[in-house]
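Undergrad: kindly generate the corresponding structure for this input.
(4 chains)
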There are 2 protein chains.
Amino acid sequence: MNTVIPIVSHTLRAACSACSLQELCLPAGLAPDELQKLDEIVNRKRPLKRGEYLYRAGSALQSLFAVRTGFFKSCVMHDDGREQVAGFHMAGEMLGMDGIGSGNHMCDAVSLEDSEVCEIPFGDLEKLSREIPTLQQHFHRIMSREIARDYGVMLLLGSMRAEERLAAFLLNLSQRFAARGYSPSRFLLRMTRHEIGSYLGLKLETISRALSHFQTEGIIAVQNKNVEIKDADRLRAMVSQCAGHPPQ
Amino acid sequence: MNTVIPIVSHTLRAACSACSLQELCLPAGLAPDELQKLDEIVNRKRPLKRGEYLYRAGSALQSLFAVRTGFFKSCVMHDDGREQVAGFHMAGEMLGMDGIGSGNHMCDAVSLEDSEVCEIPFGDLEKLSREIPTLQQHFHRIMSREIARDYGVMLLLGSMRAEERLAAFLLNLSQRFAARGYSPSRFLLRMTRHEIGSYLGLKLETISRALSHFQTEGIIAVQNKNVEIKDADRLRAMVSQCAGHPPQ
DNA sequence: TGCCGGCATTGATCTATGTCAAAACCGCAG
DNA sequence: CTGCGGTTTTGACATAGATCAATGCCGGCA
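TA: Residues are numbered from 1 along each chain as shown, chains lettered A, B, ... in the order given. Alright, predicted model coming up:
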């Protein structure tokens, strides 16, 4: 109840209460005193270099993670080594929720650029969310949104053709960058064509061809990892109004 | 706090405390007194006939539902009318968790045979799970398992070929029937070939052909909706050890 | 009992996307 | 600045699965 401000390492780098991602991340909607309680359980971890694993499939789940800066992919591995990218995660998004059920992470989380994360010990989070209804509700919303996102990916993988998938993907990135205050029309693809392909259930050559095609159509401009969306409406049209283009 | 036992309709049909699905469903792990508190918030709803909607995409989420008897599909709709089956749900499984984030259901839930469900008002569930840590933990596990399942479906849709997908699907059903005390090797496909195809990202003809092929190989016997798995090991082999059969 | 409409099977053919291969490019390390 | 490995692009070709079409089956209803 008293407002001691702990002078420990994790407050040296921006605490939740000082974090610009507050509104997107777990703290959304918390009152100042609640925020402080959350701050007390969250640890800032050392930065990860590009290519480092945040966790690996099979390892015990102790904590969830929120991306503070940088970019991650999570990927599920098949027995035979085939890998499927299940998601890309940017600042303010949470990772690890797939592992709560079994107590073990079910996928690898890999940073695609130098990144920082906040670690949220899951037991503490459950305890705190019993005390703070707003936190509880928000955590439930976050998990639910992950499920909703997954349903969207199923729709994409199950019933859209290559170019529609890519259009949906670009629009999704655009929107997420916009929500973070970045340009919705110019951004960097942090992942390789291979990783995009894996996420979209396509081969890298198909991604490359589709990007080239969008470019010749004047819908986007691509150079390497740089993308500029020149005609978002046409992208949107590709995704939704595909009557006449029968799904494969 | 007092233990009034409400003599209302929902206690007339088996309460959670008397339900055979206790161990699979939300009550798993609760102490008797906790179970009773849960009972007090759960409503048994009138039975649904085959083809009835439990809820529709876009409608406000008030409650989650647990399947008591019967079988459901949930399907996401595309603007242009294409539909994608996102999951099949059998006794003891929960529906509706995709709608918590936005407050609205994001998919339709349709019964595939005459069914009964328990309704769990979501606000009450959140409140009660603040009081009963076991319930809270179990609810988190249930949501997490849904996410994990979704990742599995992505793997399936993104990197498996038609017959592998179907093999994985049959094994999954088999296992879920087994967990409910039914035969893992003989069961009824409650859904049409079209719905299986939608779930697996394939056309109904492909499902039909694959089933026929499995049959001629002696892996299964199918007659209409009746399936008998004759060689589960070969099904398993199809799913995991597919080196040499490059993914499409 | 017989009829009807949805469901399923099967065959012939088409096509989107995968596969293979070669060349160009890019950024990093020396 | 140069060389090298990994990435990307592009082309030619192959194929899994879609599409189209015809027939058969089954279960519900009169």
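
Undergrad: neighbours around the nearest residue to A:A179 once chain neighbours are set aside, how many?
TA: Leaving out its chain neighbours, the residue that sits closest to A:A179 by CB to CB, 6 or more residues apart in numbering or on different chains is A:L24, at 6.6 Å. To be clear about C-beta, it is placed using only N, CA and C from the backbone, and glycine gets the same treatment. Residues within reach of A:L24, counting by other CB atoms under 10 Å in any protein chain shown, total 17.

Undergrad: same check on A:G29?
TA: Using other CB under 10 Å as the criterion, the residues surrounding A:G29 number 14.

Undergrad: just checking, it is part of a helix?
TA: No: applying DSSP: H, G, I helix; E, B strand; the rest coil, one finds A:G29 to be coil, outside a helix.

Undergrad: circling back: now the residue nearest to A:A179, what's its secondary structure?
TA: Using three-state DSSP, the three-state assignment for A:L24 comes out as coil.

Undergrad: who are the neighbours in contact with it?
TA: With contacts defined as CB atoms under 8 Å, 6 or more residues apart in numbering or on different chains, A:L24 is in contact with A:91-93, A:179-180.

Undergrad: show me which of those residues is closest to DNA strand C.
TA: For DNA strand C, the nearest member of the contacts of A:L24 is A:A91. The distance, counting by CB to the nearest atom of the strand, is 20.8 Å.

Undergrad: show me what the residue lying closest to that closest one once chain neighbours are set aside is bridged to.
TA: Closest residue in space to A:A91, ignoring its immediate chain neighbours: A:V67 at 5.2 Å, by CB to CB, 6+ apart. Beta-bridge pairing for A:V67 (DSSP bridges): A:V117.

Undergrad: can you pull the contacts of A:V67?
TA: For A:V67, the contact set (CB under 8 Å, 6+ apart) comprises A:89-95, A:115-117.

Undergrad: same question for A:N43.
TA: Under the criterion of CB under 8 Å, 6+ apart, the neighbours of A:N43 are A:10, A:118-121.

Undergrad: and the pLDDT for the residue most central in space within chain A?
TA: Within chain A, one residue has its C-alpha closest to the average C-alpha position: by CA atoms, centre = their mean, that is A:H89, at 2.1 Å. The predicted local confidence for A:H89 comes out at a pLDDT of 98.

Undergrad: can you check A:R82 too?
TA: With respect to pLDDT, A:R82 scores 79.

Undergrad: longest helix of chain A?
TA: Counting residues, the longest helix found in chain A (DSSP state H) is helix A:133-159.

Undergrad: quick one: check that helix for contact with DNA strand D.
TA: No: judged by CB under 7 Å from any atom of the strand, helix A:133-159 and DNA strand D are separated, with a smallest distance of 9.3 Å.

Undergrad: is chain B contacted by that helix?
TA: Yes: Helix A:133-159 lies within reach of chain B by CB under 8 Å from any CB of the partner chain, at A:133, A:136-137, A:140-148, A:150-155, A:157-159.

Undergrad: what mean pLDDT does that helix get?
TA: Confidence over helix A:133-159, taken as the mean pLDDT, stands at 97.

Undergrad: mind listing residues that contact stretch A:94-105?
TA: With CB under 8 Å, 6+ apart as the contact definition, stretch A:94-105 has outside contacts at A:25-26, A:54-61, A:63-67, A:72, A:74, A:86, A:89, A:106-107, A:109, A:117, A:122, A:142-143, A:146, B:140-145, B:147-148, B:151.

Undergrad: repeat that for stretch A:44-61.
TA: The set of residues external to stretch A:44-61 that reach it, using CB under 8 Å, 6+ apart, is A:9-10, A:13, A:65, A:68, A:70, A:72, A:76-77, A:95-96, A:99-100, A:102-119, A:122.

Undergrad: off-centre distance for stretch A:64-78?
TA: Mean C-alpha position of stretch A:64-78 versus that of the full chain (CA atoms, centre = their mean, to the nearest Å) differs by 7 Å.

Undergrad: what residues sit buried inside it?
TA: Residues of stretch A:64-78 classed as buried under the neighbour-count rule (16 or more other CB atoms under 10 Å in any protein chain shown) are A:64-68, A:70-78.

Undergrad: just stretch A:106-119 next, same as before
TA: By 16+ other CB under 10 Å, the buried positions in stretch A:106-119 come out as A:106-112, A:115-119.

Undergrad: kindly report the residues of chain A close to DNA strand D.
TA: Counting by CB under 7 Å from any atom of the strand, chain A sits next to DNA strand D at A:192-194, A:204-205, A:207-209, A:211-212, A:222, A:224-225, A:246-248.

Undergrad: of those, which is the nearest to DNA strand C?
TA: Nearest to DNA strand C among the residues of chain A next to DNA strand D is A:E205, at 4.0 Å by CB to the nearest atom of the strand.

Undergrad: tell me if the helix or strand that contains the closest one is near chain B.
TA: With secondary structure defined by DSSP states H and E, A:E205 is part of helix A:204-216. No: legend: contact between helix A:204-216 and chain B by CB under 8 Å from any CB is lacking; minimum distance shown is 11.1 Å.
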